[in-house]
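Asker: What would the 3D arrangement of this be:
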Amino acid sequence: MTTSRRPVGSGARLTVKGARTRARIVDAAAELMALRGVTETSVEEVKKAAEVSSSQLYHYFADKSALVEAVIDRQAQMIVAAQEQVGPGTLEGLRVWRDGLIAHARHVSGAGGCPLGHLAGQLVETDENARLRLAEGFRQWATVLRRTCRELHRTGGLTADVEPDQLADTLLATLQGGLLLSQVQRDTAPLETGIDTLLTLSVTGWS
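Answerer: Numbering: from 1, shown residues only. Just a heads-up that it's a prediction; the model follows:
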């Protein structure tokens with residue numbers, strides 16, 4: 001009797017070479033899906049872009065759905081890492097974070113929108129596993145924002161009656177709406193207006 005090999009998941013222990021190969025596949029898939037969409041991106045195209053064989057790709061991913069989930073995880077991890085690196089727990093840090101976000105959006109004229117939001121618009125109504133994965137990604141993002149807002153609150157950086165966790169959730173929602181409108185209009189004004197209005201109302205000394 002023969003048994004099929006199970007693909008090596010992201011939680012499995014990989015060799016250095018294996019981890020690099022898996023990351024290269026996910027990076028290639030993420031780039032293609034950002035440009036063309038999930039449906040229009042084929043496994044064959046991912047293999048070609050990542051310069052891997054079928055056996056290599058299926059060593060790590062059972063099917064395209066598993067690859068899509070890995071792309072979701074990758075996008076969430078990159079967003080959270082960037083958010084944590086800036087660590088805007090101070091007014092100065094918050095300005096650096098805001099300015100960097102706007103600068104990037106201006107550089108691409110809003111194209112692409114939010115990496116997670118872009119995937120959500122394609123997947124949440126048709127793929128329950130992907131929806132849950134996306135929800136977890138947004139939860140992780142919200143957690144980092146909440147830590148930031150709690151630190152601002154602790155140091156007196158929030159205006160009276162502003163609840164830090166609610167501010168974090170509102171900021172995330174404002175980001176999503178602003179990024180989407182900026183993507184559609186190819187103009188960062190909606191993103192800038194949304195963020196600056198919210199921060200002006202919520203953060204002491206923001207102007």
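
Asker: now the longest helix anywhere in the chain: how far from the chain's centre is it?
Answerer: Looking across the chain with DSSP state H, the single longest helix is helix 128-154. Its chain's C-alpha centre and that of helix 128-154 lie 10 Å apart, by CA atoms, centre = their mean, to the nearest Å.

Asker: how close does Ser207 sit to Arg13?
Answerer: 51 Å (CB to CB, to the nearest Å). Every residue, glycine included, has its C-beta placed from N, CA and C.

Asker: Ile72 too?
Answerer: 22 Å.

Asker: So which of these two has more stuff around it?
Answerer: Comparing Ile72 with Arg13 by other CB atoms under 10 Å, the one with more neighbours is Ile72, at 26 against 7.

Asker: What ranges does this protein have for its helices?
Answerer: Along the chain, the stretches classed as helices by DSSP H are 16-36, 43-50, 54-60, 64-86, 91-107, 115-123, 128-154, 164-185, 189-202.

Asker: Can you add mean pLDDT and give those helices back as a markdown table?
Answerer: Conversion of the helices of the chain to a markdown table gives the following (pLDDT from 0 to 100):
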| stretch | mean pLDDT |
| --- | --- |
| helix 16-36 | 95 |
| helix 43-50 | 97 |
| helix 54-60 | 95 |
| helix 64-86 | 92 |
| helix 91-107 | 92 |
| helix 115-123 | 95 |
| helix 128-154 | 95 |
| helix 164-185 | 96 |
| helix 189-202 | 96 |
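
Asker: returning to that earlier point: what residues sit buried inside the longest helix of the chain?
Answerer: 130, 133-134, 137-138, 140-142, 144-152 (16 or more other CB atoms under 10 Å).

Asker: Next: stretch 73-87.
Answerer: So for stretch 73-87, counting by 16+ other CB under 10 Å, buried means 73-76, 79-80, 83, 86.

Asker: count of residues packed around Gly18?
Answerer: 15.

Asker: quick one: stretch 50-69 to chain centroid distance?
Answerer: 21 Å.
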